[in-house]
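Undergrad: A predicted structure for the sequence below; I have some questions about it.
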Amino acid sequence: MPRPRLLTALCMTAVFVAGCGSSNQTPSFVARATAVCVKANAAVEHLGQPTNLAGAKSELRVLIVTEQAELTGLKALTPPSAQRAAYAVVLRTLPEMRQGTKELLADVSAGDYSAYKHELQDEPSRVAEPLPKAWQALGLPLCGTLYG
């Protein structure tokens, strides 16, 4: 089911990075980062498409907690030196994505379900534009699909 585009811009990552990787990766870094992302993906895979304010608020709350857990898990890792620039992009962009989720929750909590529905039709956020290339450089095809 579709997810809010502002929140799900990362889903396009799967298209860009499926099967991609780099020979400069540290296997333990890739394995640990992948585990963080798989856990985040599992935390939201049960979510459906909300049809009302209560459902949208509930989904957004789960997304915010999951985004924070993913970010915290990824911040705890140290990438190989060759991937530090790409990792910096990820660690700088994910909080901006989470902020977008929080702002959308504030709109929905104020009774603006139309804002949520609008996000379903909106184009992916410019905030997320650098992520596909960063995930590819890191060799993490399962990351960036949190909402896919």
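TA: Noted; the coordinates are in hand.
Undergrad: give me the longest helix you can find in this structure.
TA: The longest helix of the chain (DSSP state H) is helix 84-109.
Undergrad: so what does it touch, helix or strand wise?
TA: Counting contacts by 3 or more CB pairs under 8 Å, 6 or more residues apart in numbering; DSSP states H and E, helix 84-109 packs against helix 5-8, helix 53-75, helix 113-121, helix 131-138. (Glycine included, C-beta is placed from N, CA and C.)
Undergrad: want to throw those into a markdown table with mean pLDDT and mean neighbour count?
TA: Formatted as a markdown table, these follow (pLDDT from 0 to 100; neighbours: other CB atoms under 10 Å):
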| stretch | mean pLDDT | mean neighbour count |
| --- | --- | --- |
| helix 5-8 | 36 | 22 |
| helix 53-75 | 94 | 18 |
| helix 113-121 | 77 | 16 |
| helix 131-138 | 90 | 22 |
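Undergrad: hmm, back to that, same question for the longest helix of the chain, mean pLDDT?
TA: Per-region confidence: helix 84-109 scores 93 on mean pLDDT.
Undergrad: off-centre distance for that helix?
TA: Centroid separation between helix 84-109 and its chain, computed with CA atoms, centre = their mean, to the nearest Å, is 8 Å.
Undergrad: check contacts around the residue sitting furthest away from the middle of the chain.
TA: Ranked by distance from the centre of the chain (CA atoms, centre = their mean), the top residue is G111, with 24.9 Å. G111 makes contact with L53, according to CB atoms under 8 Å, 6 or more residues apart in numbering.
Undergrad: and the gap between it and L105?
TA: With distances taken as CB to CB, to the nearest Å, G111 is found 12 Å from L105.
Undergrad: and what of V65?
TA: To L105, V65 is 11 Å away according to CB to CB.
Undergrad: buried ones in stretch 27-35?
TA: Going by neighbour count (16 or more other CB atoms under 10 Å), the buried part of stretch 27-35 is F29, V30, R32, A33, T34.
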